[in-house]
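> Pasted the sequence and its predicted model underneath.
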Protein chains: 2
Amino acid sequence: MASNNKVRASIHDVARRAGVSAATASKVLRGIRTVKIANAEKVRLAVKDLGYRMDPLASGLRRRTRQIIGIVVPDLENEFFGRLTSRIEILAEEAGYSLAIASSHESEVRERKMLERMHDWRVAGTILAPVRSERGAGATVMKELAMTGALVDRVMANDTFDTVTVDNVRASARVARTLIEAGHRHVLLFGLSDVSKNVRARISAFQDEADAFCPQMSVDVVLTEDSVEGLRGSLSDYLEHHRPTAVFSLAQTGTLSVLSEFRRRSIQCPQDISLIGFDDAEWMQATYPSVCAVVQPVALLAEQAFARLLLRINGQEGFPVCLLEQCHFQERESLMSVGSVPLAHTGNQ
Amino acid sequence: MASNNKVRASIHDVARRAGVSAATASKVLRGIRTVKIANAEKVRLAVKDLGYRMDPLASGLRRRTRQIIGIVVPDLENEFFGRLTSRIEILAEEAGYSLAIASSHESEVRERKMLERMHDWRVAGTILAPVRSERGAGATVMKELAMTGALVDRVMANDTFDTVTVDNVRASARVARTLIEAGHRHVLLFGLSDVSKNVRARISAFQDEADAFCPQMSVDVVLTEDSVEGLRGSLSDYLEHHRPTAVFSLAQTGTLSVLSEFRRRSIQCPQDISLIGFDDAEWMQATYPSVCAVVQPVALLAEQAFARLLLRINGQEGFPVCLLEQCHFQERESLMSVGSVPLAHTGNQ
DNA sequence: CTGAAAGCGCTAACAG
DNA sequence: CTGTTAGCGCTTTCAG
């Protein structure tokens, strides 16, 4: 067996070399001040000499809780969750925890498995971004296991855990109003699977806003259960028979499909059809036309979710709160008023 | 302190309820067959009744090696590493390990910290994708600590660890040949920081190929230390005074910058300047023009790196190997022969 | 202020 | 086949 052949010094080795007991060495290492300064010095010296490093997992075994925070996200290949995780990793370390990262790969059974693993690892707390088919399964598992946790993204209020999410309603309403004001009266809402609470919220908020301020607006909704391949197909089918003046893409992958489909069909955007996407990405600045998007405050979501979790870990009691963070609307070229002349673009062609 | 208030059953509880000793219970749980069937059944029943779950970390403490594999990548926000990590997570689990994921956030000091943490966690092995400023620092740390490991991406041969990387030389040579054949005689190589071994390899391979097959080709190189902001600036400066017929972007972020800069300056791509990018992304299909790219075999990199690590964990001895995986060249619209008439595009405009 | 002893949850070793 | 004993590396407790 290959492995760490160099035997590692244990706290007993340190204690022996420093001429004190393991208990004392332990105190020094944990920064407890009730140790004679001379002894503390000796311990620190021994640590240095031996290149001693504590085994945090063994330590956690004894303390009965480990300095680890878990996070389970549905998809690490997705930039959004990459950014979320990345930010939380830093926050966790600043607070003295290690972050254990796991992906449920959009599968409910994996989600359960990963949550159980976090529990088995005795993490201090777990942040969960549920899978797309969110029916609260993940939260239920966490509740069953009596885990301390917080939920982020793709969640509405929950009766057990604090939740942090984007204000889908306000953001969608804002998109609706923008389109109405630009004269659009026939809009397609396009996205993946209606089982996601986020997407449902975005749709109904859009419709409510349309009903309230522009009852004559006709709103089509096309949702696909399948993944990326299906997206393109269902959009294609739809465009065969309908010609809205604007498309509101309900998620990032959808936005990409819309753009390609426009290109395939030689649909001029925004002259023929305007496009607004939910969720921004860097590449949306570089496309032609650049794409208007609802920008989610990822860093803020991370910070709030982490802050809530930390409070709970530290014993904060009380009813779960439900935090809604506001999105920003990024105007770009893909949006045009109906009937107006195209703006002068700086881009190709 | 909030925490897991429900007390968890230990293996002793299981043993007691099953009327056997902890050692026997342990054997059953580990699937060791030398246990009377009746007893094994009783243990399994007790496990079920108690909802028992083993503490894998305590178990690892005793066995002196944990069923964990570590991976340290430079940037989880980067799609490439997201995919790599995601794939390795699955492979690790199939092999009976949990994957501990950490990001060094492109910082050498963090990289060391994360590697040390993996070591402290007594992982069975660690896969490292070094930070951009790769001077072998990460590998040195791993060697110092006598860790079992493998290196992936951004590495050349290493005298201690198996390495798995993309064949930058062949890929770049291929790009060079493609451009030569398309009649390009003035090319810009554009990218981030020359301290990355990958980027250095790509540049010199391109130059070698050009020297060999088209000595009159003029090759400019613009590299930026800074991150994304700097990229745009240095490209802009360059284009102020030069007008190559093609740009070879050495990394994904660069490709995005090139595209935006083209748009800003109303440079028609590919009519005025062709573009080829190293590293593919989904959005490159949807831009106008769609972007030619060198596609890295991410899944393959993951599989090879993992396979090598597993061999080492299982005691495989011998000199470190250096695996080179081949890239695929994806033709798209952004490449045109010099002096030729644009192809009919199906896209906008 | 210190150290001996006990034990976190688990498993290796070995005598029965 | 089974159970006892003795730890893995650490921290807690409590008598000194």
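Looks like it arrived, so ask away.
> give me the number of residues near whichever residue of the stretch 151-300 of chain A sits closest to DNA strand C?
The nearest approach of the stretch 151-300 of chain A to DNA strand C comes at A:Thr160, 24.0 Å away (C-beta to the nearest atom of the strand). The way it works is simple: take the backbone N, C-alpha and C, and place the C-beta from them, glycine included. As a burial measure, A:Thr160 scores 16 neighbours (other C-beta atoms under 10 Å in any protein chain shown).
> And A:Phe31, how far from DNA strand D?
You called it Phe, but residue A:31 is Gly. Distance, A:Gly31 to DNA strand D, by C-beta to the nearest atom of the strand, to the nearest Å: 10 Å.
> On the three-state scheme, that residue is what?
When classified by DSSP: H, G, I helix; E, B strand; the rest coil, A:Gly31 comes out as coil.
> Ramachandran angles for it?
A:Gly31 has phi and psi values of phi 80, psi 30 when expressed as degrees, to the nearest 10.
> A:Ala49: neighbour count?
One correction, residue A:49 is Asp, not Ala. Number of residues near A:Asp49 (other C-beta under 10 Å) recorded here: 13.
> quick revisit: is the residue of the stretch 151-300 of chain A closest to DNA strand C in contact with A:Val141, as I believe?
No - contact criterion C-beta atoms under 8 Å: A:Thr160 and A:Val141 do not qualify, at 11.1 Å.
> Quickly find the element holding A:Ile180.
Assigned by DSSP states H and E, A:Ile180 belongs to helix A:168-181.
> State the mean pLDDT of stretch A:197-204.
For stretch A:197-204, mean pLDDT rounds to 88.
> Pull the residues that contact it.
The contact list for stretch A:197-204 (C-beta atoms under 8 Å, 6 or more residues apart in numbering or on different chains) reads A:134, A:153-156, A:165-166, A:168-169, A:171-172, A:189, A:191-194, A:221, A:223, A:250-251, A:278.
> Now do the buried residues in that stretch.
Residues A:197-203 are the ones in stretch A:197-204 that count as buried (16 or more other C-beta atoms under 10 Å in any protein chain shown).
> Could you restrict the contacts of stretch A:197-204 to the ones contacting DNA strand D?
Taking C-beta under 7 Å from any atom of the strand as the test, DNA strand D is in contact with none of the contacts of stretch A:197-204.
> returning to what we had before: for the residue of the stretch 151-300 of chain A closest to DNA strand C, give me phi and psi.
Phi and psi for A:Thr160, reported as degrees, to the nearest 10, are phi -120, psi -40.
> Tell me how far it lies from DNA strand D.
To DNA strand D, A:Thr160 is 28 Å away according to C-beta to the nearest atom of the strand.
> Name the nearest residue to that residue, sequence neighbours excluded.
A:Lys143 (4.9 Å; C-beta to C-beta, 6 or more residues apart in numbering or on different chains).
> Helix or strand: which one has the one you found?
Using DSSP H and E, A:Lys143 sits in helix A:137-144.
> Now do the contacts for the closest residue to A:Glu282 other than its chain neighbours.
If the residues on either side of it in the chain are set aside, A:Glu282 comes closest to B:Leu256, at 6.1 Å by C-beta to C-beta, 6+ apart. With contact set as C-beta under 8 Å, 6+ apart, B:Leu256 has these partners: A:282-283, A:285-286.
> Now do the host helix or strand of B:Leu256, average pLDDT.
According to DSSP H and E, B:Leu256 maps onto helix B:252-264. Here helix B:252-264 scores 88 as its mean pLDDT.
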